[in-house]
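# no sequence on hand, only this structure:
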């Protein structure tokens, strides 16, 4: 077996054991591109060896996706198959797990009418509302991992021959996901322990407000009362530990949906719906985006913000040190799963209700009254850099440094 094959085996095992943490008798749903078939086959083997009752695969293909957006009639993008909604809700209700394998083409839908993309994103989000509630409250175990493809490698390594670019991207993925360790599963236990140390420290602080300053950024962000910082893995409703994102370097909590004021400048491109939004800024007043700019992808950003009322408000605040594995590669991955874990970030849209103590137990109307943002969307965008400073402000006005020059100050 080649070294690459050994690494791919370890990556698949990691996805099963540390990602979704399959237990005997459980059903696993895998959503994956056809280009990831070799990896998915290995995942299926490890899942059954872990005791999975059944493993279902939902394949997708970029060429077909692009063709649909180019040629299908407009009404198709305002429809979502009811049978698929039923299947996904039944999976969640019956305690299944979901592994999403992505192989991102950063500019898959370049040139496609942004309105078509926005319409389908909104339609799918509405149809899958109940299913997403299961995921965002960690009622089921779910995880996302990424597999290199030619288009992604070309974007990350534009000056390299494609074969070398693919090799370099695979090497980066394996290293960033700790697959290069002798025992990646054990390495992730240690990594989660480290992130939990920061979680405990921040939860002990009970900051009322975070103040961000950097070139183009001067933003004050209130945290909700009874906010909870989380990071690394999570506990599902049945008490099993899992890692929603592989990789992850963040600790995150909940902004008050009406408590954000000032301007924030994005520091990395945002790949949203197969289009890139670059060099953009958002200005908030009383929690709502009231102005925005973008050098590239302005219309795409506008459609994102117009998804619904909550899309112009924040649902997540996440802290990631600039001195971290993904950031230290010096690469822009043009993919949120990787770029958000290289950089402090915020998320427009729906909040994770369990970032408030017992928030997941409240009906959505009560959540909204307490500042838990409600939306059909949840989109992370990156704001971290070596020039970012963050202060924590306590209820009594005490100001303490959280980050200096992009790194932890405590």
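Perfect, I can see it now. Remember, predicted model here, so these are calculated numbers, not experimental data. Numbers count the residues shown, from 1 in each chain.

# longest helix in this structure, by number of residues?
helix 184-205 (DSSP state H).

# would you confirm that residue 228 contacts residue 251?
No - assessed by CB atoms under 8 Å, residue 228 is found out of contact with residue 251, at 10.8 Å. Bear in mind the C-beta positions are built from the backbone N, C-alpha and C, glycine included.

# looking at those two, which is more packed in?
Between residue 228 and residue 251, residue 251 has the larger neighbour count (other CB atoms under 10 Å), namely 23 against 19.

# now the more buried one, nearest residue through space, not along the chain?
Leaving aside its sequence neighbours, residue 251 sits nearest to residue 231 (CB to CB, 6 or more residues apart in numbering; 3.5 Å).

# may I have the phi/psi pair for that neighbour?
Residue 231 adopts backbone torsions of phi -180, psi 150, taken as degrees, to the nearest 10.

# wait, it touches residue 245, no?
No - checked against CB under 8 Å, the pair residue 231 and residue 245 is beyond contact range at 10.6 Å.

# about what we covered before: in the longest helix of the chain, what counts as buried?
Neighbour counts over helix 184-205 (16 or more other CB atoms under 10 Å) mark 184, 187-188, 191-192, 195-196, 198-199, 202 as buried.

# output the contacting helices and strands for the following helix or strand past it.
Sequence-wise, the next helix or strand downstream of helix 184-205 (DSSP states H and E) is strand 209-214. Counting contacts by 3 or more CB pairs under 8 Å, 6 or more residues apart in numbering; DSSP states H and E, strand 209-214 packs against strand 217-223, strand 255-265, strand 389-393.

# how long is stretch 267-280 from one end to the other?
With CA to CA, to the nearest Å as the measure, stretch 267-280 spans 8 Å from end to end.

# which stretches in the stretch 301-410 of the chain count as helices?
Using DSSP state H, counting those that start in this stretch, the helices of the stretch 301-410 of the chain run over 336-339, 364-369.

# could you identify which of those is most buried?
The highest average neighbour count among these, using mean count of other CB atoms under 10 Å, belongs to helix 336-339 at a mean of 23.

# helix or strand right after the one helix or strand residue 115 maps to?
Here residue 115 sits within helix 114-127, counting by DSSP H and E. Where DSSP H and E defines the elements, the next helix or strand beyond helix 114-127 is helix 129-136.

# packing partners of that next one?
Checking 3+ CB pairs under 8 Å, 6+ apart, helix 129-136 ends up next to helix 82-93.

# and the buried residues of helix 184-205 as CSV, adding pLDDT and distance to residue 268?
As requested, the buried residues of helix 184-205 are exported to CSV (pLDDT from 0 to 100; distance: CB to CB, whole Å):
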residue, pLDDT, distance to residue 268
184, 98, 26
187, 97, 26
188, 97, 25
191, 96, 22
192, 95, 25
195, 95, 21
196, 95, 26
198, 95, 22
199, 97, 24
202, 97, 23
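
# can you put those residues in a markdown table and add distance to residue 72?
Formatted as a markdown table, the buried residues of helix 184-205 follow (distance: CB to CB, whole Å):
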| residue | distance to residue 72 |
| --- | --- |
| 184 | 41 |
| 187 | 44 |
| 188 | 41 |
| 191 | 43 |
| 192 | 43 |
| 195 | 43 |
| 196 | 46 |
| 198 | 46 |
| 199 | 45 |
| 202 | 46 |
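
# and which of these is nearest residue 137?
Nearest to residue 137 out of these is residue 199 (CB to CB; 18.2 Å).

# surely the closest one and residue 253 touch.
No - taking contacts as CB under 8 Å, residue 199 lies outside contact range of residue 253: 9.2 Å.

# so what sits against both of those two?
Taking CB atoms under 8 Å, 6 or more residues apart in numbering as the criterion, residue 199 and residue 253 both touch 229-230.

# hmm, back to that, what sits up against the helix holding residue 115?
69, 74, 77-80, 82, 85, 109, 132, 273-275, 299-300, 302-304, 306-308, 376-377.

# in that helix, which residues are buried?
Quick answer for helix 114-127 (16+ other CB under 10 Å): 114, 116-125, 127.

# make JSON lines out of these and add pLDDT.
Below are these laid out as JSON lines (pLDDT from 0 to 100):
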{"residue": "114", "pLDDT": "93"}
{"residue": "116", "pLDDT": "95"}
{"residue": "117", "pLDDT": "95"}
{"residue": "118", "pLDDT": "94"}
{"residue": "119", "pLDDT": "95"}
{"residue": "120", "pLDDT": "96"}
{"residue": "121", "pLDDT": "94"}
{"residue": "122", "pLDDT": "95"}
{"residue": "123", "pLDDT": "96"}
{"residue": "124", "pLDDT": "96"}
{"residue": "125", "pLDDT": "94"}
{"residue": "127", "pLDDT": "97"}
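
# which one of the helices of the stretch 301-410 of the chain lies closest to residue 400?
When the helices of the stretch 301-410 of the chain are compared by CB to CB, helix 336-339 sits nearest residue 400, at 27.9 Å.

# residues contacting the residue sitting nearest the centre point of the chain?
Nearest residue to the geometric centre of the chain (CA atoms, centre = their mean): residue 337, 5.2 Å. When contacts are counted by CB under 8 Å, 6+ apart, residue 337 touches 102, 144, 146, 245, 247.
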